[in-house]
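J.: Fold the following for me, if possible:
(one chain, ligands or ions: 1)
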Amino acid sequence: MNKKTLLLASILATSLTGCLQSQINKSINAAGSLVEGISVSKQQLVQEARLSAKEMDKKAPVAATNSKYAKRLKKLTKGLHTYDGQKFNYKVYLVNAINAFAMPDGTVRIYSGLMDLMNDDEVVAIIGHEIGHVINEHSLYQYKKAYVAKAAKEGLTAADGTIGHIAGAYGDIAEDYLNAQFSQSDELESDAYGVKVLYKLGRDPYAAASAQQKLQELSGGSDSVFSSHPPSQKRIDLATEAADKISGKK
Ligand SMILES: [Zn+2]
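T.: Have a look, this model is predicted:
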């Protein structure tokens, strides 16, 4: 295992990135102020993100198509391969962590630890949440930050504020991206999106709230584990309200 693979493996094994729990990546946050002045087209970012996703898949323990995890995910993502005009692709990483993430190209990866914890509707709630990050372009913005940070580090930002193709850096960018955190409002917006996805698929819209409930229980009832995110109780309450509203109970 080379150093990079080792790093990725440790990220996969230990961190709940992006959505459920995340570490703060200082270089990416610093890039937040830089990122506004840099122009990279959506098309370029999506293409680069696709390469980063491929790099991740090469290093990660992807569940074989005939495994129980892949079969279950295939069943659960029926009707979700094109959604809201965006294409999505799904795989399971055989990592015992409660995690999931999406990339701006429509790549969605679910960890086996999360699938073990959640029932079918709850897994779909998480998938819907991830879809929400892509549709609402939260993922695109996070990826842009990771990309700009990398380009700045490599001295690849041109004087006119454009960035060229960064050769061979997709693995690094993917790691930075996975360590970045979404804002609280992004998380709440995606929670609400997940409720809509459940409803549209004829699944239980309250599964988004029960998924959050399970996460809160895992964190021992305190918000310490999820300190960088909206308090779990607030997320549970808002997801419940959204389910009430969509199912006509309020
Ligand atoms: Zn999220």
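J.: Show me the beta-bridge partners of the residue nearest the centre of the chain.
T.: Using CA atoms, centre = their mean, the residue of the chain that lies closest to the mean C-alpha position is Phe101, 2.5 Å off. As for beta bridges, Phe101 partners with Arg109 under DSSP bridges.
J.: Now stretch 185-203: average pLDDT?
T.: The predicted model assigns stretch 185-203 a mean pLDDT of 96.
J.: What are the buried residues along that stretch?
T.: 186-199, 201, 203 (16 or more other CB atoms under 10 Å). C-beta here means a position set from N, CA and C on the backbone, and glycine is covered the same way.
J.: tally of neighbours for Gly248?
T.: 6 (other CB atoms under 10 Å).
J.: Just confirm it is within a strand.
T.: No - per DSSP: H, G, I helix; E, B strand; the rest coil, Gly248 lies outside any strand segment and is coil.
J.: Tell me the pLDDT of it.
T.: Confidence score, pLDDT, at Gly248: 91.
J.: can you tell me the helix or strand for the nearest residue to Leu201 once chain neighbours are set aside?
T.: In space, Leu201 comes closest to Gly79 once its chain neighbours are excluded; the distance is 6.1 Å by CB to CB, 6 or more residues apart in numbering. Under DSSP states H and E, no helix or strand contains Gly79.
J.: Report the separation between Gly79 and Ala70.
T.: 17 Å (CB to CB, to the nearest Å).
J.: Please, where are all the helices along this structure?
T.: Listed in chain order, the helices of the chain (DSSP state H) span 3-14, 26-35, 42-59, 68-76, 112-117, 120-135, 138-153, 170-179, 184-200, 207-218, 232-246.
J.: rank the ones you listed by pLDDT, which is bottom?
T.: Per-segment mean pLDDT for the helices of the chain reaches its minimum on helix 3-14, at a mean of 43.
J.: Pull the number of nearby residues for Val134.
T.: Count around Val134 with other CB under 10 Å applied: 26.
J.: Also the one 5 residues further on?
T.: Here the count is done by other CB under 10 Å, and Ser139 has 31 residues near it.
J.: surely it meets His133?
T.: Yes - between Ser139 and His133 there is a contact under CB atoms under 8 Å: 4.7 Å.
J.: okay, and the common contacts of these two?
T.: Common contacts of Ser139 and His133, defined by CB atoms under 8 Å, 6 or more residues apart in numbering, comprise Ala102.
J.: thinking Ala63 is in contact with Ala70, fair?
T.: Yes - shown here, Ala63 and Ala70 form a contact pair, counting by CB under 8 Å, at 4.5 Å.
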